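Participant: need a structure here:
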Amino acid sequence: MNRREFITLLGGATAWPIAAHAQQPAPPVIGLLISLTLGPFAERLAGFHRGLKEGGFVEGANLAVEYRWAEGHDERLPALAADLVRRKVKVIAGLNSTQAVLAAKAATTTIPIVFVIGGEPVSNRLVESLGHPGGNVTGVGGLGNELGPKRLGLLHDLLPNASTVAVLVNPANPNAEPDVKALQDAASSLGMTIKALPTRNEREIDAFFATLVREHIPAFITAPDPLFTARREQIAALATYNAIASMSPGSRDFVDVGWLMGYGTDGVDLWRLAGVYVSRILKGENPADLPVLQPTKFRLVINLKTAKAIGLTVPPSIMLRADEVIE
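Facilitator: Reported below is the predicted structural model:
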């Protein structure tokens, strides 16, 4: 072997690992479609990434994520969903609103979609059934309006002489009408009246409280909606300032910032479960075969500092049912 042949052979051998490295497949790309901005959902997004990690996927290592934030403008969701489809992501996760999932579903019938919603996915035509979703959509949720009457019952136990309770509801939410109807039916059996006050934005949140003060309504219950999750600190501050009892659609993340009571699921854990489902789909499972996961654990959290601030004493009958008390 002459010197030139040896150098050629050595050069080719040196190139082998480089070529092998260059041929490594690119990591899969998933898309996140969210109605609002990151701020109010940072903790829940961390839960989603924990779920992905449980399934073996870490952003920046073996996974890429395309984020699409509608920043409170739901009319942007269809275009954002279409953009993710053009990007040819492997999975779209719509994690905080029925509107986002509906936009994704309208944009594609082939890319798998994983949701976290508070509404009922069958009546919203997201899936064929909870046990057998069919199609390309599955996720976490499906309780619909079942929890609303339980929250109203807790408010009734707290304020048995209250004849009227207001409902903070976003009429743009597809679940708004059934949520209010369930509360009205429950209120009738308790001898109460429900006053639903449509609230679509920050300005109307201020108007909501002005109405409660003007009409001497002592308490309100909140229908689930991303707007109210994002504005939970503003709502808590207004409720405390006006000495109005507040019942949230979530548990700890609402009561932590000053709501009086919260009864619901752990939003962070629901997003974690969505992350697990996304990882399973990335590994080859079919969303049509993955049943919609329904929450089984619910927590009642009470903020005694808020109760004191608005001049209320929480009766022992409610305290005994609390899973957590903030003092």
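
Participant: which residues in this structure form strands?
Facilitator: Assigned by DSSP state E, the chain shows strands spanning 29-34, 64-69, 91-94, 113-116, 137-140, 164-169, 193-198, 219-222, 245-248, 261-264, 299-303, 324-326.

Participant: Which one of those lies nearest to residue 204?
Facilitator: Residue 204 lies closest, by Cβ to Cβ, to one member of those: strand 193-198, at 7.3 Å. The C-beta positions use only the backbone N, C-alpha and C, and glycine is treated the same way.

Participant: Now render the strands of the chain as TSV, adding mean pLDDT and distance to residue 130.
Facilitator: Converted to TSV, the strands of the chain look like this (pLDDT from 0 to 100; distance: least, Cβ to Cβ, whole Å):
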stretch	mean pLDDT	distance to residue 130
strand 29-34	97	22
strand 64-69	97	27
strand 91-94	97	17
strand 113-116	96	12
strand 137-140	96	9
strand 164-169	97	25
strand 193-198	96	28
strand 219-222	96	25
strand 245-248	97	25
strand 261-264	94	19
strand 299-303	95	22
strand 324-326	95	29
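
Participant: between these, which gets nearest to residue 44?
Facilitator: Per Cβ to Cβ, nearest to residue 44 of the strands of the chain: strand 113-116, 8.3 Å.

Participant: From the rest of the structure, what touches that closest one?
Facilitator: The contact list for strand 113-116, computed with Cβ atoms under 8 Å, 6 or more residues apart in numbering, reads 91-96, 98, 100-101, 104-105, 121, 126, 136-141, 267, 270-271, 273-274, 277-278, 281, 287.

Participant: cool, stretch 175-187 as well?
Facilitator: 98, 118-120, 123-124, 144-146, 148-149, 152-153, 165, 167, 169-170, 173, 193-194, 196, 221, 223-225.

Participant: what's the answer for stretch 36-43, then?
Facilitator: 34, 45, 67, 69-72, 95-96, 226-227, 229-230, 232, 253, 268.

Participant: Then stretch 120-137?
Facilitator: By Cβ under 8 Å, 6+ apart, stretch 120-137 touches 98, 101-102, 105, 108-115, 117, 138-139, 141-145, 174-175, 178, 287-292, 294.

Participant: Stretch 319-326 now?
Facilitator: Contacts of stretch 319-326 (Cβ under 8 Å, 6+ apart): 251, 252, 255, 256, 299, 300, 301, 302, 303, 304, 305.

Participant: Buried only: go through those for me.
Facilitator: Neighbour counting by 16 or more other Cβ atoms under 10 Å classes 251, 252, 255, 256, 299, 300, 301, 302, 303, 304 among these as buried.

Participant: List only buried entries from the contacts of stretch 120-137.
Facilitator: Neighbour counting by 16+ other Cβ under 10 Å classes 98, 101-102, 105, 108, 111-115, 117, 138-139, 141-145, 174-175, 178, 287, 290, 292 among the contacts of stretch 120-137 as buried.

Participant: Those in helices, which ones?
Facilitator: Mapping the buried ones among the contacts of stretch 120-137 onto helices (DSSP state H) picks out 98, 101, 102, 105, 178.

Participant: Let me have these in a markdown table, extended by distance to residue 309 and pLDDT.
Facilitator: Formatted as a markdown table, these follow (distance: Cβ to Cβ, whole Å; pLDDT from 0 to 100):
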| residue | distance to residue 309 | pLDDT |
| --- | --- | --- |
| 98 | 34 | 89 |
| 101 | 38 | 95 |
| 102 | 39 | 95 |
| 105 | 43 | 97 |
| 178 | 33 | 91 |
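
Participant: from these, which two are the most distant?
Facilitator: Greatest spatial distance among those (Cβ to Cβ): 105 and 178, at 19.2 Å.

Participant: Just put the ones in helices among the buried ones among the contacts of stretch 120-137 in JSON lines and tack on distance to residue 80.
Facilitator: Listed next are those as JSON lines, based on distance: Cβ to Cβ, whole Å:
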{"residue": "98", "distance to residue 80": "15"}
{"residue": "101", "distance to residue 80": "12"}
{"residue": "102", "distance to residue 80": "13"}
{"residue": "105", "distance to residue 80": "13"}
{"residue": "178", "distance to residue 80": "26"}
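
Participant: and which of the residues you listed is nearest residue 85?
Facilitator: Checking those one by one against residue 85 (Cβ to Cβ), the nearest turns out to be residue 105, at 11.1 Å.

Participant: And that closest one, how close does it get to residue 313?
Facilitator: Residue 105 is 48 Å from residue 313, where distance means Cβ to Cβ, to the nearest Å.

Participant: Adding distance to residue 213, write the strands of the chain out as TSV.
Facilitator: As requested, the strands of the chain are exported to TSV (distance: least, Cβ to Cβ, whole Å):
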stretch	distance to residue 213
strand 29-34	33
strand 64-69	34
strand 91-94	37
strand 113-116	34
strand 137-140	37
strand 164-169	11
strand 193-198	12
strand 219-222	12
strand 245-248	13
strand 261-264	20
strand 299-303	21
strand 324-326	25
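
Participant: nearest spatial neighbour of residue 309, skipping sequence neighbours?
Facilitator: Closest residue in space to residue 309, ignoring its immediate chain neighbours: residue 240 at 5.3 Å, by Cβ to Cβ, 6 or more residues apart in numbering.
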